[in-house]
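[1] sequence and computational prediction follow.
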Amino acid sequence: MDPRITYELSKLDPAIPFRASTSHLHHTWAKTFFSIPELYIQPESVAEIQKLVTLARRCGRRIVTVGSCHSPSDLTCTSSWVVNLDNFRRVLDIDKQTGLITVEAGIRVRDLGLELEKHGLTLPNLGSIDDQSIAGVISTGTHGSSLRYGLLSDAVRAISIVLANGQVVRCNATNNPILFRAALISLGAIGIISEITIQAVPSFKIAWHQSLQPLSHILENWSSGLWTSSEYVRVWWMPYLERAIVWRADKTDLPVQPPPKNFYGERLGYHIYHNLLYLSNYFPRILPWVEWFVFGMQYGFKPGAVVTEAVEPGRTGLLMNCLYSQFVNEWAIPLEKGPEAITRLSAWLNGDEKTAQIPFSSKGLWVHCPIEVRVSDTSKRTDPRPLLDPTCASGPTLFLNATLYRPYLRDPPCIDRYYEGFEWLMRDLGGRPHWAKNFTDAIGQKELRQMYGADLDEFLRVRNASDLDGMFLGEWHLRNLIPDPSSQEEEKELIEKDEDSSAEQPDRSTFPLGERETERRKLGVRGTGDGVEWIGDRAWLATTASGADISAGGKEKDNASIPASSSSPASPPMTAASEESFDHLAHGEASVVTLPPPSV
Ligand SMILES: Cc1cc2nc3c(=O)[nH]c(=O)nc-3n(C[C@H](O)[C@H](O)[C@H](O)COP(=O)(O)OP(=O)(O)OC[C@H]3O[C@@H](n4cnc5c(N)ncnc54)[C@H](O)[C@@H]3O)c2cc1C
């Protein structure tokens with residue numbers, strides 16, 4: 001471990017453990033991105049979280065908090081410190097009368113569901129999987145598919161968050177509401193969420209059924225019951241067959257009836273499909289045939305011929321099998337634009353560029369299926385909305401998710417062209433990308449600023465006030481959220497025109513701890529396929545604790561330089577003004593836990 005860390009650690013309370021490892025390979029679930037953090041830290045209490053934040057501040061390190069690393073993009077990559085809350089996962093309080101529960105933020109959605117079940121409770125809605133941490137789910141705006149619900153974070157009633165100065169701030173709709181709105185979708189950029197209070201509901205079973213339907217039928221019924229005739233509805237669209245599976249579920253008291261076996265849910269079908277996808281990486285034009293064969297085996301070869309049904313607890317029945325490693329590019333657009341979006345995308349993928357009106361050629365482009373079609377409605381939300389909520393505020397939202405599998409972790413050849421055309425269409429229809437997924441660098445801060453306007457400014461104002469030095473900022477945030485200094489002039493003009501906008505934002509150059517990417521390269525290690533290694537700038541190597549330059553080789557000269565800057569036991573924060581802004585945020589909070597003085 002870096003001697004500077006060891007030295008600063010020696011000044012903090014030894015009774016509070018610092019559980020850190022120096023050999024961890026971080027990667028996303030899909031193994032799309034890998035990075036090697038300097039430290040991997042797994043705290044087990046709030047005091048441990050506060051201690052590691054204090055240590056990071058004194059050592060000039062960036063912190064990335066992760067749950068299960070299911071976010072598909074490079075959002076969680078770092079060469080600095082990864083903090084994982086898998087061992088900070090207790091259920092702290094369950095009020096059976098009100099259904100209000102409070103949990104430590106690292107608890108996985110599956111474990112929370114099992115705990116709640118013991119008390120006759122459950123979460124009202126789920127996404128496709130339950131492997132994520134509850135903090136991860138809310139931090140990226142994860143959603144399921146139902147017009148009766150909004151985002152999963154709509155059930156969150158209060159959040160406690162450890163800020164860059166080590167303070168714990170609790171916020172909700174009435175207490176520190178602006179911090180609450182920022183923390184509801186924070187992308188890890190505000191602090192470490194430590195506790196979450198959620199409104200659970202009485203546990204329920206669902207009866208679901210699914211069948212294959214022609215796409216024309218889906219489009220005809222779009223506004224006349226497709227999305228409203230059941231509580232939960234989702235659609236998997238097969239672009240070459242021009243058909244889709246419609247899955248519907250409603251709450252029921254019927255006895256549990258497990259789902260029947262299915263083709264790729266069994267070992268043989270799973271491997272057949274995987275190998276066909278692998279083959280298509282070399283012969284992409286077989287993909288329409290693969291779609292016909294695999295989905296015929298799975299759902300029947302003729303529309304309406306097979307109806308599959310089951311009765312399951314909501315906790316498991318709402319989930320689905322996501323199969324193989326994948327890229328996912330999902331956008332939120334107004335629900336009423338769905339038929340146009342699907343008609344144009346379908347035309348583009350099937351070579352009718354005139355109907356598609358997408359200014360990129362789709363000649364020779366072959367893609368995977370299904371394209372996921374899901375919905376939510378956040379417009380009825382009574383609590384304040386998350387500042388970075390990508391869904392529509394004035395009506396129901398449609399999510400279109402362009403999935404591309406990575407068979408045996410190998411990237412498909414069509415990705416750049418597919419996503420170029422898909423994103424163009426989504427932007428044309430007023431869409432906004434899912435924060436956690438693989439939207440391309442073509443979007444960037446300037447366009448996201450146009451999509452979010454004053455809400456992004458407000459998010460940055462809260463973020464910057466609570467973390468002036470950028471302890472929670474990495475390349476992903478700098479690229480997508482923080483203004484670029486070279487376009488500051490343009491930004492200023494934009495801000496002047498926008499009367500709602502609060503003020504000019506600090507640019508990317510103003511965060512000493514903000515981590516920049518220096519390189520990404522194919523890892524090339526057995527078992528990592530086309531996975532990319534993400535390498536950060538390790539900016540701390542360039543300065544000692546006193547800020548003096550060190551040897552050009554990037555290594556500290558010797559340990560003797562360290563105590564010189566550390567004669568006072570309590571190191572100051574990197575930026576003097578930080579303390580003031582934290583006080584500003586702490587004002588009016590329900591509880592503030594301060595660190596005990598460090599033992600020297
Ligand atoms: C197979 C698969 C299926 C999926 N299905 C859906 C779906 O149905 N609907 C949908 O909307 N999305 C879906 N996703 C996306 C997924 O829900 C999100 O990426 C979610 O954020 C993952 O949670 P996590 O615990 O893995 O968080 P991570 O990926 O580890 O982190 C996500 C973000 O949350 C931050 N974060 C995590 N913990 C904390 C904390 N304690 N404090 C502060 N910040 C924190 C991280 O810094 C990061 O910015 C899916 C992803 C996969 C791989």
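    Structure's in. What do you need? Numbering: from 1, shown residues only.
[2] so which residues on the stretch 201-350 of the chain come close to the ligand?
    Cys322 (Cβ under 6 Å from any ligand atom). Where you see a C-beta, it was placed from the backbone N, CA and C, and this is true even at glycine.
[3] now the chain
    Residues of the chain lying close to the ligand (Cβ under 6 Å from any ligand atom) are 29-30, 64-72, 75-76, 85, 105, 127-129, 132-133, 135-137, 139-140, 142-143, 186-188, 192-193, 322, 434, 436.
[4] which ones among these map onto strands?
    Those of the residues of the chain next to the ligand mapping onto strands are Val64, Thr65, Val66, Ile192, Ile193, per DSSP state E.
[5] now do the end-to-end distance for stretch 67-79.
    17 Å (Cα to Cα, to the nearest Å).
[6] identify the residue nearest the closest residue to the ligand within the stretch 151-300 of the chain in space, chain neighbours excluded?
    Relative to the ligand, the nearest point of the stretch 151-300 of the chain is Gly188 (2.2 Å; Cβ to the nearest ligand atom). Distances taken as Cβ to Cβ, 6 or more residues apart in numbering place Thr65 nearest to Gly188, at 5.2 Å, with adjacent residues excluded.
[7] who touches the lengthiest helix in the chain?
    In the chain, assigned by DSSP state H, the helix with the most residues is helix 267-282. Here helix 267-282 makes contact (Cβ atoms under 8 Å, 6 or more residues apart in numbering) with 262-264, 286-287, 290, 293-294, 297-298, 323-324, 366, 368, 405, 407-408, 410-413.
[8] can I have the buried ones of those residues as a PyMOL selection?
    Per 16 or more other Cβ atoms under 10 Å, the buried members of the contacts of helix 267-282 correspond to this PyMOL selection:
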select buried, resi 263+264+287+290+293+294+298+324+366+368+405+407+410+411+412+413
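[9] list the ones among the contacts of helix 267-282 that fall in helices.
    The members of these that map onto helices under DSSP H are Leu287, Val290, Phe293, Val294, Met297, Gln298.
[10] for these, give me JSON lines that also has pLDDT.
    Converted to JSON lines, these look like this (pLDDT from 0 to 100):
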{"residue": "Leu287", "pLDDT": "97"}
{"residue": "Val290", "pLDDT": "97"}
{"residue": "Phe293", "pLDDT": "96"}
{"residue": "Val294", "pLDDT": "95"}
{"residue": "Met297", "pLDDT": "94"}
{"residue": "Gln298", "pLDDT": "93"}
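[11] nearest to Trp208 among those residues?
    Nearest to Trp208, judged by Cβ to Cβ, of these is Gln298 at 15.5 Å.
[12] list the contacts of the closest one.
    Under the criterion of Cβ under 8 Å, 6+ apart, the neighbours of Gln298 are Asn262, Phe263, Tyr264, Gly269.
[13] before we move on, back to that, check contacts around the residue of the stretch 151-300 of the chain closest to the ligand.
    Val64, Thr65, Val66, Leu75, Thr76, Ser139, Phe472.
[14] could you measure from it over to Ile63?
    Distance of Gly188 to Ile63, given as Cβ to Cβ, to the nearest Å: 8 Å.
[15] now for those two: what residues contact both?
    Residues touching both Gly188 and Ile63 (Cβ under 8 Å, 6+ apart) are Phe472.
[16] quick one: the nearest residue to Ser346 once chain neighbours are set aside and Gly127, what's the gap?
    Take Ser346 and drop its neighbours on the chain: the residue closest to it by Cβ to Cβ, 6+ apart is Pro239, 5.9 Å away. Pro239 sits 23 Å away from Gly127, taking Cβ to Cβ as the criterion.
[17] with neighbour numbers in mind, choose between those two.
    Of the pair Pro239 and Gly127, Pro239 is the one with more neighbours under other Cβ atoms under 10 Å, namely 24 against 20.
[18] hey, C-alpha coordinates of stretch 245-265 in PDB?
    Extracted C-alpha coordinates of stretch 245-265, given in PDB (Å, rounded to 0.1, in the frame of the first residue of the first chain):
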ATOM      1  CA  ILE A 245     -43.800 -11.500 -27.700                       C
ATOM      2  CA  VAL A 246     -46.300  -9.700 -25.500                       C
ATOM      3  CA  TRP A 247     -45.900 -10.600 -21.800                       C
ATOM      4  CA  ARG A 248     -48.700  -9.600 -19.400                       C
ATOM      5  CA  ALA A 249     -49.000 -10.100 -15.600                       C
ATOM      6  CA  ASP A 250     -51.700  -9.300 -13.000                       C
ATOM      7  CA  LYS A 251     -51.800  -9.800  -9.300                       C
ATOM      8  CA  THR A 252     -53.700 -13.000  -8.300                       C
ATOM      9  CA  ASP A 253     -54.600 -15.300  -5.500                       C
ATOM     10  CA  LEU A 254     -54.300 -18.500  -7.600                       C
ATOM     11  CA  PRO A 255     -51.900 -21.200  -6.400                       C
ATOM     12  CA  VAL A 256     -48.300 -21.100  -7.600                       C
ATOM     13  CA  GLN A 257     -47.800 -22.700 -11.000                       C
ATOM     14  CA  PRO A 258     -44.200 -22.800 -12.100                       C
ATOM     15  CA  PRO A 259     -43.400 -21.800 -15.700                       C
ATOM     16  CA  PRO A 260     -42.900 -24.500 -18.200                       C
ATOM     17  CA  LYS A 261     -39.500 -25.400 -19.500                       C
ATOM     18  CA  ASN A 262     -38.300 -23.400 -22.500                       C
ATOM     19  CA  PHE A 263     -35.800 -23.700 -25.200                       C
ATOM     20  CA  TYR A 264     -32.900 -21.500 -24.200                       C
ATOM     21  CA  GLY A 265     -33.700 -21.800 -20.500                       C
END
